[in-house]
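Q: Fold the stuff below for me.
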Amino acid sequence: MFKLEKRPQASQSFAYLTPLLAILATMVAGGLLFMALGKNPFEAIRTIFWDPLFGEFASFSRPDLLVKGGPLILIAIGLSLGFRAGIWNIGAEGQYIVGAICGAGVGLAFYPMEAWYIFPLMVLSGALGGWAWAMIPALLKVKFQTNEILVSLMLVYVAEKLLAAMSLGLLRNPDGHGFPGSRNFKDYETAFNGELIPNTGMHWGVAMAFIAVIFAYVLLNRHMLGFSIRLTGEAPRAAKFASVNPTRVILFCLGTSGALAGMAGLFEVSGPAGQISIDFNSGYGFTAIIVAFLGRLHPVGILFAGLLMALTYIGGELAQLTLGLPAAAIQLFQGMLLFFLLAADLLTNYRIKRVKKEAV
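A: The predicted structure is shown next:
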């Protein structure tokens, strides 16, 4: 018989191996899922992970790797700061939506004016919108000790209603013949977040994601505030003795994650998405949670995890087109990654030990 025995200290080797184990387990379980749907599992896995990079349509799908990876990395970096401190912002999707609404609103307010400062104002407005939405659970936690998980999650549904109201009301295109949705930013050059380098997928949102990775790495490893964040999450009692201000940590972590999610929303609405619409939100805020944990809450790990998750998005869309796989199966496949990651994480703090039946 077997039992779980707690390790004297967490295994560093398993901490780095668990993402690889989770990916392999996801491929195996996903293959069984695709087989149950009547598809060739090897062909499905190849289509998801190989074809977008080296297949027939690779020249079209490679740029999308940065387009879809940018917002995931940007949001996950912000979430990882809070997760490291034991602050659980589950509502990044709502902050992403509100940031897009605020940034797009500023851009459309200037239409059809052409000026260099419009897009920077949109970025600032998107960040402030996401920050303000994240401040709601932050202030409630600081003042009334509410649970930030529940508050931030419930605010996602409020943000979705706000998105629908804006698409049908204040931000609706007056020249759109009554159809919901704002003007298309692709027709408004000053406010459009186009590619910086043609045919690469590199736009300002992707550039900001790389900047956020560098910022987070320096903050966590070279700054006193980063030390306070790590200490709060790893040893809360020691943080109290070290005079770490918990209010400051909570406000900073939730505010930063909200601002980064808001910027991700702005870059998306002014670039790839092109407009505010009822179905603008694509679940990036929730998927970024998987990215943060798959990257072990480390900035460089999140960079690679974001690109990997973006690959499953692109490969999943390709599998739907070429193999006829349902979208729900692809979403389930992506969710398996977090499930197996959490399951494999158990081996970081526990080891499997064989015991004799008589001893049991």
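
Q: can you list the weak-confidence ranges in the chain?
A: Within the chain, the segments meeting pLDDT under 70 span 357-360.

Q: Can you show me the strands along the stretch 101-250 of the chain?
A: With DSSP state E, counting those that start in this stretch as the criterion, the stretch 101-250 of the chain has no strands.

Q: just the helices in it please.
A: 118-144, 148-168, 204-222, 224-234, 236-241, 246-269 (DSSP state H, counting those that start in this stretch).

Q: for those helices, which one ends up most surrounded?
A: helix 246-269 (a mean of 27; mean count of other C-beta atoms under 10 Å). From N, CA and C alone the C-beta is placed, and that goes for glycine too.

Q: what is the orientation angle of it with helix 204-222?
A: Orientation of helix 246-269 against helix 204-222 (axes from the mean of the first three to the mean of the last three C-alpha atoms, to 10 degrees) gives an angle of 160 degrees.

Q: my guess is residue 351 is in a helix, correct?
A: No - under DSSP: H, G, I helix; E, B strand; the rest coil, residue 351 sits outside any helix and is assigned strand.

Q: I'd guessed it sits against residue 9; true?
A: No - here residue 351 does not reach residue 9: they are 11.6 Å apart, not a contact under C-beta atoms under 8 Å.

Q: Same drill for those two, tell me which one is more crowded.
A: More crowded of residue 351 and residue 9, by other C-beta atoms under 10 Å: residue 351, with 14 against 7.

Q: Residue 157 and residue 67, how far apart?
A: 27 Å (C-beta to C-beta, to the nearest Å).

Q: residues contacting residue 254?
A: 82, 87, 89, 134-135, 137-138, 141, 148, 152 (C-beta atoms under 8 Å, 6 or more residues apart in numbering).

Q: And for residue 194?
A: With contact set as C-beta under 8 Å, 6+ apart, residue 194 has these partners: 203, 271.

Q: I'd like to know how far it sits from residue 60.
A: Taking C-beta to C-beta, one finds residue 194 at 17 Å from residue 60.

Q: re earlier: between the helices of the stretch 101-250 of the chain, which one is closest to residue 182.
A: Closest approach to residue 182 among these is made by helix 148-168 (7.1 Å; C-beta to C-beta).

Q: list the helices and strands that closest one packs on?
A: Packing partners of helix 148-168 (3 or more C-beta pairs under 8 Å, 6 or more residues apart in numbering; DSSP states H and E): helix 92-109, helix 118-144.

Q: For the ones you listed, give me TSV that also has distance to residue 340.
A: TSV is the format used below for the helices and strands packed on helix 148-168 (distance: least, C-beta to C-beta, whole Å):
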stretch	distance to residue 340
helix 92-109	22
helix 118-144	29
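
Q: Please identify which of those is closest to residue 280.
A: For residue 280, the closest of those is helix 92-109, at 6.4 Å, according to C-beta to C-beta.

Q: And the closest one, what's buried?
A: Within helix 92-109, the residues that count as buried by 16 or more other C-beta atoms under 10 Å are 92-108.

Q: how about the nearest residue to residue 195, chain neighbours excluded?
A: residue 203 (5.5 Å; C-beta to C-beta, 6 or more residues apart in numbering).

Q: Counting neighbours, what do you get for that neighbour?
A: Using other C-beta under 10 Å: residue 203 sits among 22 other residues.

Q: Would you confirm that it contacts residue 268?
A: No - Residue 203 is beyond contact range of residue 268, at 9.7 Å (criterion: C-beta under 8 Å).

Q: about what we covered before: residues touching the residue nearest to residue 195, list them.
A: Neighbours of residue 203 in contact, by C-beta under 8 Å, 6+ apart: 67, 70, 193-196, 267, 271-272.

Q: Quick one: residues contacting residue 22.
A: By C-beta under 8 Å, 6+ apart, the contact list for residue 22 reads 294, 337, 340-341, 343-344.

Q: Repeat the analysis, applying 6 Å as the threshold.
A: Listed by C-beta atoms under 6 Å, 6 or more residues apart in numbering, the contact partners of residue 22 are 340-341, 344.

Q: hmm, back to that, kindly present the helices of the stretch 101-250 of the chain as CSV, with separate columns for distance to residue 178.
A: Output for the helices of the stretch 101-250 of the chain, formatted as CSV (distance: least, C-beta to C-beta, whole Å):
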stretch, distance to residue 178
helix 118-144, 26
helix 148-168, 10
helix 204-222, 31
helix 224-234, 49
helix 236-241, 55
helix 246-269, 21
